[in-house]
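>>> From the sequence below, what's the structure:
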Amino acid sequence: QAIALKPDYAEAHNNLGNTLKELGKLDDALASYKQAIALKPDYAEAHSNLGNALKKLGRLSEAEASYTQAIALKPDYAEAHSNLGITLKELGRLDESIDYLKQAIELNSDGVQARMSLNSAVNLAVPSWHFPMMNDEERNKAYADALELAVRDGDFVLDIGTGSGLLSLMAAASGAEMVITCEMSKTIAEAATQIIESNGYKEKISVLNKKSTNLIIGEDLPQQADLIISEVLSSELVGEGVRATLLDANRRLLKKGGRTIPQSGKLRIALIDNSPEIFDKTSVASVKGFDLSLFNSISPKKLTSKLRDKPMLLSNPTDAFHINFTDTEGTLGQEKIIKLQVNQDGLCVGLIQWIWIHLYGDIEYENKPGECDSHWHTPIYLFDEPVVAKKGDVIEIKAVLGDDYVWFWKRP
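Numbers count the residues shown, from 1 in each chain. Just a heads-up that it's a prediction; the model follows:
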């Protein structure tokens, strides 16, 4: 009625758009917002509301443009900053998302949506496993010892995957003349830059917000590195393109005869008994008198949580795969049958896997379950059904190693 009485009433068109959006009539809402903007091009709220409707329709790139326009018209518009940050998070542009959400909070410290979204974006950009990794004393000692052996006076060191900057700091402290480190996450790279400066190594260490596969000799790096260090390994050594990353670095970024840390790794496995802890983490039986065991049929076959107690191994440890991190030729996937002999009676629910790493020289690291308080998990691969195992029995395991994954299961 307001619009009928005053067709050029921009605010009424905007409010009608809000009402239509709440009624779920998103296309009609878009038309109202666009009419409001046509009547009043500098109407920041209408641009922001248009962004909200576009976002609900899944048209995220268009929503981004609307929010950006709203902010250009009204730079202190906290809600538009927040909504743009949320949209960028959904687009996977986490570093930009974090920047806008922080600005939203600066503009309106009471904005709960911005605070919750910022926490979500930071969790994605800076996964919580960084903290136990940085505090892993055994890992840190192994890398520090390896760097003491590997770094030579005058060395140019490339560190792939900056994180907190710890390995770069260790390399510089070990005598490297120059360290360049690269990090994909802008948020992490900026934090590492501040850490390096606060520790007094600004002149020796440079941080690049770039993937190692995009580094160019002569532009990003003055020359090929004497030593490449990295700690981009998962609990299975592979994953997230690790092997391709290191292969590229060895081929392009390392001097002929140059050194790397780490140099190789092994995936080790052993059969595992059904301890109370493992049962509680992987299956269910009777609860309060109700049989819930059928739920086990939909349980995942791989468990990645850390065990609190030392597990009972029902076979001797066996090396499933050996991975060469100094490779320059590339490797094909591997498949094999591994025969594990039971060394004591028990109810075998599957196998447990851990890693052994050769860092440099005689420096090794192994996170054998129950013997090392490691930040790396020791994954458990469950059999389809538990096996009543007797000493001397042989259980055949199918093992598959791809470029970016590993998997184990029991053969029939």
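>>> need the contact list for the residue nearest to Q35 when sequence neighbours are not counted.
In space, and not counting its chain neighbours, Q35 is closest to H13: 4.6 Å by C-beta to C-beta, 6 or more residues apart in numbering. C-beta here means a position set from N, CA and C on the backbone, and glycine is covered the same way. Going by C-beta atoms under 8 Å, 6 or more residues apart in numbering, H13 touches I3, S32, Y33, Q35, A36, L39, A46.
>>> Now, of those, which are buried?
S32, Y33, Q35, A36, L39, A46 (16 or more other C-beta atoms under 10 Å).
>>> give me the element the residue nearest to Q35 is part of.
Using DSSP states H and E, H13 sits in helix 10-22.
>>> ok, and for that helix, which residues are buried?
Neighbour-count burial for helix 10-22, with 16+ other C-beta under 10 Å as criterion, is recorded at A10, A12, H13, N14, N15, L16, G17, N18, L20, K21.
>>> C-alpha coordinates for it, CSV please?
C-alpha atoms of helix 10-22 as CSV (Å, rounded to 0.1, in the frame of the first residue of the first chain):
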residue,chain,number,x,y,z
ALA,A,10,13.0,3.2,-1.8
GLU,A,11,12.7,2.3,1.9
ALA,A,12,9.3,0.7,1.4
HIS,A,13,10.7,-1.4,-1.5
ASN,A,14,13.6,-2.5,0.7
ASN,A,15,11.2,-3.4,3.6
LEU,A,16,9.0,-5.3,1.3
GLY,A,17,12.0,-7.2,0.1
ASN,A,18,12.8,-8.1,3.7
THR,A,19,9.3,-9.4,4.3
LEU,A,20,9.2,-11.4,1.1
LYS,A,21,12.6,-12.9,2.0
GLU,A,22,11.2,-14.0,5.4
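>>> right, and the helix or strand after that helix?
Counting by DSSP H and E, the next helix or strand C-terminal to helix 10-22 is helix 26-39.
>>> Just name the closest of the contacts of H13 to M312, please.
For the contacts of H13, the closest approach to M312 (C-beta to C-beta) belongs to Y33, at 64.3 Å.
>>> contacting residues around the closest one?
The contact partners of Y33, by C-beta under 8 Å, 6+ apart, come to H13, N14, G17, A46, N49, L50, A53.
>>> which one is the last one nearest to, not counting chain neighbours?
Same thing as A53. Leaving aside its sequence neighbours, A53 sits nearest to A29 (C-beta to C-beta, 6+ apart; 4.8 Å).
>>> Report the separation between that neighbour and A65.
17 Å (C-beta to C-beta, to the nearest Å).
>>> Of the two, give the one with the bigger neighbour count.
A29 (25 against 16; other C-beta atoms under 10 Å).
>>> thinking the more buried one is in contact with Q35, fair?
No. Taking contacts as C-beta atoms under 8 Å, A29 lies outside contact range of Q35: 10.8 Å.
>>> so where do the helices sit in the stretch 151-300 of the chain?
166-173, 186-198, 242-248, 276-282 (DSSP state H, counting those that start in this stretch).
>>> Reformat those helices as CSV; add mean pLDDT, distance to T326 and mean neighbour count.
CSV is the format used below for the helices of the stretch 151-300 of the chain (pLDDT from 0 to 100; distance: least, C-beta to C-beta, whole Å; neighbours: other C-beta atoms under 10 Å):
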stretch, mean pLDDT, distance to T326, mean neighbour count
helix 166-173, 98, 17, 23
helix 186-198, 96, 26, 18
helix 242-248, 94, 8, 20
helix 276-282, 89, 36, 14
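>>> which one of those lies closest to A121?
That would be helix 186-198 among the helices of the stretch 151-300 of the chain, by C-beta to C-beta, at 8.8 Å.
>>> L347: which of the contacts of H13 is nearest?
Comparing the contacts of H13 against L347 with C-beta to C-beta places Y33 closest, at 63.6 Å.
>>> K40 versus the closest one, what's the distance?
For Y33 relative to K40 (C-beta to C-beta), the value is 11 Å.
>>> and what of K310?
70 Å.
>>> in this protein, which residue is closest to the centre?
P127 (5.9 Å; C-alpha atoms, centre = their mean).
>>> The strand or helix carrying Q353 pairs with which strands?
Assigned by DSSP H and E, Q353 falls within strand 346-360. Its sheet considered, strand 346-360 pairs with strand 264-273 (antiparallel), strand 363-366 (antiparallel), strand 380-389 (antiparallel) by DSSP bridges.
>>> can you list the ones you listed in CSV and add mean neighbour count and distance to Q353?
Formatted as CSV, the strands paired with strand 346-360 follow (neighbours: other C-beta atoms under 10 Å; distance: least, C-beta to C-beta, whole Å):
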stretch, mean neighbour count, distance to Q353
strand 264-273, 22, 5
strand 363-366, 19, 12
strand 380-389, 17, 7
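>>> So which of those strands is nearest I196?
Across the strands paired with strand 346-360, I196 has its closest neighbour in strand 363-366 (24.2 Å, C-beta to C-beta).
>>> Work out the gap between the closest one and the centre of the chain.
A distance of 24 Å separates the centroid of the chain from that of strand 363-366, by C-alpha atoms, centre = their mean, to the nearest Å.
>>> same check, this time on stretch 328-341
On C-alpha atoms, centre = their mean, the centre of stretch 328-341 falls 26 Å from the chain's centre.
>>> about what we covered before: export the helices of the stretch 151-300 of the chain as JSON lines, with columns for distance to W356.
Listed next are these as JSON lines, based on distance: least, C-beta to C-beta, whole Å:
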{"stretch": "helix 166-173", "distance to W356": "20"}
{"stretch": "helix 186-198", "distance to W356": "28"}
{"stretch": "helix 242-248", "distance to W356": "16"}
{"stretch": "helix 276-282", "distance to W356": "22"}
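>>> Of these, which is nearest N316?
Evaluated over those, closeness to N316 peaks at helix 276-282, with 19.2 Å, by C-beta to C-beta.
>>> Against which helices or strands is that closest one packed?
Under the contact criterion of 3 or more C-beta pairs under 8 Å, 6 or more residues apart in numbering; DSSP states H and E, helix 276-282 touches strand 302-303, strand 346-360, strand 380-389.
>>> burial count for the nearest residue to G370 once chain neighbours are set aside?
The spatially closest residue to G370, leaving aside those adjacent along the chain, is K310, at 2.9 Å (C-beta to C-beta, 6+ apart). K310 has 12 neighbouring residues, counting by other C-beta under 10 Å.
>>> contacting residues for K310?
Per C-beta under 8 Å, 6+ apart, neighbours of K310: P369, G370, E371.
>>> Report the contact partners of A172.
Residues counted as contacts of A172 (C-beta under 8 Å, 6+ apart) are V157, V179, Y201, K204, I205.
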